[in-house]
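A.B. asks: The following comprises the amino acid sequence and a computationally predicted model.
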Amino acid sequence: MRHLTEEFSLHTICEEARCPNIWECWNNQTATLMILGEVCTRRCEYCSVTTGKPTTTEPDEPLRVAKAVERLGLRHVVITSPNRDDLTDGGSSVFAETIHHIRARTPECRVEVLIPDFKGDTDALNVTLDARPDILNHNIETVPRLFPSVRSQGSYRRSLDVLAHAKQPGIVTKSGVIVGMGELMAEVEAVMQDLRSVNCDMLTIGQYLQPTKAHRPVSRFYDPAEFEALRNTGVNMGFTHVESGPLVRSSYHAEQQGREVRH
């Protein structure tokens, strides 16, 4: 997997975000490919992706991604990006072009996109939606009370609005929550209710792990029984799939989840 990403000059969020499941996923020849560079225009307290001034976009990147997907023979691929607030459309057109190239070369492959909020610009979001991804994932990440400190350049309401707008016939929506950053269990359940209120289909819940000493410290570690309780709560709320556990991340077991999705 590393050889392939180097060959096509691609980045993976697996490496950039220091995902604890990287070896399990890579051994199964799955990865979440990151387009639009490896530098994010935002600084979130929990995220290890580099913050700074991004480079310009690479016109051939969507095709390189599609070639890598074809080479691997993937049946399900996740495409994500850092926030690119420096771009007029936040990079939405690059997501769309990547989807089109993948479909042209590997039409049987399901395409899941894990998108930023595009600053709430629905015209930008529509560009990605018009490319018809099978699953559109936008992570809410935390509870409203913690948003100003954890995601200071984001907005809880804006993220919900993105998911609400994305809910269109044939497109499955998905979101993720990180626990252990200072929230209460009742607040997590309230977020889950808010996600269901905008008809979000799938949910991932995982434990926050401090990437470096410069990042937000862990408030507490949830035990497996609590993750199972949250999973059961989510299923009872009507989510079609809930992946909940200490090492769960937004793309964990995405291929298995995607088997429920049909073109």
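C.D. replies: Received it, and whenever you're ready, just let me know what you need. Numbering: from 1, shown residues only.

A.B. asks: which SSE is the closest residue to Ala66 other than its chain neighbours in?
C.D. replies: The shortest distance from Ala66 to any non-neighbouring residue, by C-beta to C-beta, 6 or more residues apart in numbering, is to His101 (3.6 Å). C-betas here are computed from N, CA, C, even on glycine. Using DSSP states H and E, His101 maps to helix 92-105.

A.B. asks: So which elements touch whichever helix or strand comes after that helix?
C.D. replies: Toward the C-terminus, helix 92-105 is succeeded by strand 110-114 as the next helix or strand (DSSP H and E). Applying 3 or more C-beta pairs under 8 Å, 6 or more residues apart in numbering; DSSP states H and E, one finds that strand 110-114 contacts strand 76-80, helix 92-105, strand 135-137, helix 254-258.

A.B. asks: Redo the ones you listed as TSV? Include distance to His241 and mean pLDDT.
C.D. replies: Below are the helices and strands packed on strand 110-114 laid out as TSV (distance: least, C-beta to C-beta, whole Å; pLDDT from 0 to 100):
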stretch	distance to His241	mean pLDDT
strand 76-80	13	90
helix 92-105	22	97
strand 135-137	10	96
helix 254-258	5	60
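
A.B. asks: And the ones you listed: which comes nearest Met34?
C.D. replies: Ranking the helices and strands packed on strand 110-114 by proximity to Met34 (C-beta to C-beta) places strand 76-80 first, at 5.4 Å.

A.B. asks: Give me the sheet partners of the closest one and which way each runs.
C.D. replies: Strand partners for strand 76-80, identified by DSSP bridges, are recorded as strand 32-34 (parallel), strand 110-114 (parallel).

A.B. asks: weakest of the ones you listed in terms of mean pLDDT?
C.D. replies: When the strands paired with strand 76-80 are compared by mean pLDDT, strand 32-34 comes last with a mean of 84.

A.B. asks: and the next element down the chain from that one?
C.D. replies: strand 39-40.

A.B. asks: next structured bit after that next one?
C.D. replies: strand 50-51.

A.B. asks: report the angle between the axes of whichever helix or strand comes after that next one and strand 76-80?
C.D. replies: Next along the chain after strand 50-51, taking DSSP H and E as the criterion, comes helix 61-72. Relative orientation of helix 61-72 and strand 76-80, computed by axes from the mean of the first three to the mean of the last three C-alpha atoms, to 10 degrees: 150 degrees.

A.B. asks: helices and strands around helix 61-72, which ones?
C.D. replies: Secondary-structure packing of helix 61-72 (3+ C-beta pairs under 8 Å, 6+ apart): helix 2-7, strand 32-34, helix 92-105.

A.B. asks: so what's the spatially most central residue of the chain up against?
C.D. replies: Nearest to the mean C-alpha position of the chain, by C-alpha atoms, centre = their mean, lies Leu114 at 3.5 Å. Counting by C-beta atoms under 8 Å, 6 or more residues apart in numbering, Leu114 makes contact with 13, 32, 78-80, 137-139, 250-251.

A.B. asks: With adjacent residues omitted, what lies nearest to it?
C.D. replies: Among residues not flanking Leu114 along the chain, Thr80 sits closest, at 3.8 Å (C-beta to C-beta, 6+ apart).

A.B. asks: Quickly note the distance from Phe239 to Gln193.
C.D. replies: Distance, Phe239 to Gln193, by C-beta to C-beta, to the nearest Å: 11 Å.
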